[in-house]
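Enquirer: Take a look and give me a structure for this.
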Amino acid sequence: MIPLDGLHLRLLAAVSAIAPALAILLYFAGSRSWRRLRELVWIGFGLGFAAAIPIAGIAGLYTPAILAIEPVRLHALAVAFLGAAIPEEVGKFLVVFYFMLRHEDMRQPLDALVLSILVSLGFATIENLYYVFGAENWTETAMLRAVTAVPMHATVGVIMGYFAARYATPQITGRYWLVAMLVVPTILHGLYDYPVFAVQQVMATDPVHGSSRLAEFQMIFVLAITATAVTAITGVRTLLADPTATTPIPFPRSNDDQKRPGTPSITASGRHG
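Expert: So this is what the prediction gives:
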């Protein structure tokens, strides 16, 4: 038996951190129900993975200024929204809007839900690898992120996918779906991160007496998780109960043209509809 050294253990921890995301990826890639989306599932995951790299680079330009903020709550809000939620959700939004919703293999609004989840999981995968290999206590980091960060990204991806599906539905009008597709996941993501960063800041600045100040942030964390889960579940149930969610979408994708009565469209097979 080959002995496990530090590198092997860290690789094992990294695998455990990304295993939930890979399991969901393999489920959709191998499911007969989503066979026609198999290629796009891999593309969505890969684009989400790749998008995290430039987003991290851009956020890194102003991260030192954010970290210099001293008040605990303001520091946590800045890191949670400016350092994490806003750049990350903008990156996912751009991938879903400019690549997934415009791809010819996306045939019905419900597909947007699946593809948004995979984009989010691709993002979560590279983020987990970064945290695991960059943390001193990497075993604890890997376990925590496997059971918290991956489900959070997936759930927020469900919410983004719900609004993307609504926006892509030919029978529904209104660009507010597009705005909600970015704004709602960003708010929920930031509210999830805020108490986490606040606790880190409290314990770093006052490790002796800091534990007495944690109840406030723990309550916010529970409320954020609950709100995110309820929103995601409600969105999925709404889509599954709505016949328009499986209505064929014209191709090429032009949402304005879809909603304009009498506009000819081209299907994925190239025929005018």
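Enquirer: helices or strands up against the helix or strand hosting Ala232?
Expert: Take DSSP states H and E as the rule and Ala232 turns out to sit in helix 215-241. In terms of contacts (3 or more Cβ pairs under 8 Å, 6 or more residues apart in numbering; DSSP states H and E), helix 215-241 is packed against helix 109-134, helix 149-168, helix 176-205. For glycine as for every other residue, the C-beta is placed from the backbone atoms N, C-alpha and C.
Enquirer: Distance check, the closest residue to Leu182 other than its chain neighbours against Gly57.
Expert: Nearest residue to Leu182 in three dimensions, chain neighbours excluded: Phe93, at 4.7 Å (Cβ to Cβ, 6 or more residues apart in numbering). According to Cβ to Cβ, to the nearest Å, Phe93 and Gly57 sit 18 Å apart.
Enquirer: cool, Leu214 as well?
Expert: To Gly57, Leu214 is 33 Å away according to Cβ to Cβ.
Enquirer: ditto for Tyr98
Expert: 19 Å.
Enquirer: for Leu9, same thing?
Expert: Counting by Cβ to Cβ, the gap from Leu9 to Gly57 is 29 Å.
Enquirer: neighbour count winner among the two?
Expert: When neighbours are counted by other Cβ atoms under 10 Å, Leu9 and Gly57 differ, and Leu9 comes out ahead with 13 against 10.
Enquirer: how distant is the helix or strand that contains that one from the center of its chain?
Expert: Per DSSP H and E, Leu9 falls inside helix 6-30. Relative to the centre of its chain, helix 6-30 is centred 17 Å away, using Cα atoms, centre = their mean, to the nearest Å.
Enquirer: I'd say Ser116 and Glu89 touch.
Expert: No - look at Ser116 against Glu89 with Cβ atoms under 8 Å: they stay out of range, at 11.0 Å.
Enquirer: Give the residues shared as contacts by the two.
Expert: Met160 (Cβ atoms under 8 Å, 6 or more residues apart in numbering).
Enquirer: ok, the two, which is more surrounded?
Expert: Ranked by neighbour count (other Cβ under 10 Å), Ser116 and Glu89 place Ser116 first, with 31 against 27.
Enquirer: what's that one in contact with, if anything?
Expert: By Cβ under 8 Å, 6+ apart, Ser116 lies in contact with Gly44, Lys92, Val96, Met100, Gly157, Val158, Met160, Gly161, Ala164.
Enquirer: Give me the nearest residue to the spatially most central residue of the chain, chain neighbours excluded.
Expert: Geometric centre of the chain, nearest residue: Ser120, 3.3 Å, by Cα atoms, centre = their mean. Distances taken as Cβ to Cβ, 6+ apart place Gly157 nearest to Ser120, at 2.9 Å, with adjacent residues excluded.
Enquirer: and Gln218, what is it in contact with?
Expert: Pro195, Val199.
Enquirer: and if we set it to 7 Å?
Expert: Counting by Cβ atoms under 7 Å, 6 or more residues apart in numbering, Gln218 touches Pro195.
Enquirer: Same check on the one 3 residues further on?
Expert: Contacts for Phe221 were tallied using Cβ under 7 Å, 6+ apart; they are Pro195, Val196.
Enquirer: Kindly recompute the last result at 8 Å.
Expert: By Cβ under 8 Å, 6+ apart, the contact set of Phe221 is Tyr192, Pro195, Val196.
Enquirer: now those in CSV, with distance to Pro250 and pLDDT?
Expert: CSV is the format used below for those (distance: Cβ to Cβ, whole Å; pLDDT from 0 to 100):
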residue, distance to Pro250, pLDDT
Tyr192, 36, 93
Pro195, 44, 92
Val196, 43, 88
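Enquirer: Which of these has the largest number of neighbours?
Expert: Tyr192 (25 neighbours).
Enquirer: Pretty sure Ile66 sits in a helix.
Expert: Yes - counting by DSSP: H, G, I helix; E, B strand; the rest coil, Ile66 is found in a helix.
Enquirer: That one touches Leu77, doesn't it?
Expert: No - between Ile66 and Leu77 there is no contact under Cβ under 8 Å: 9.7 Å.
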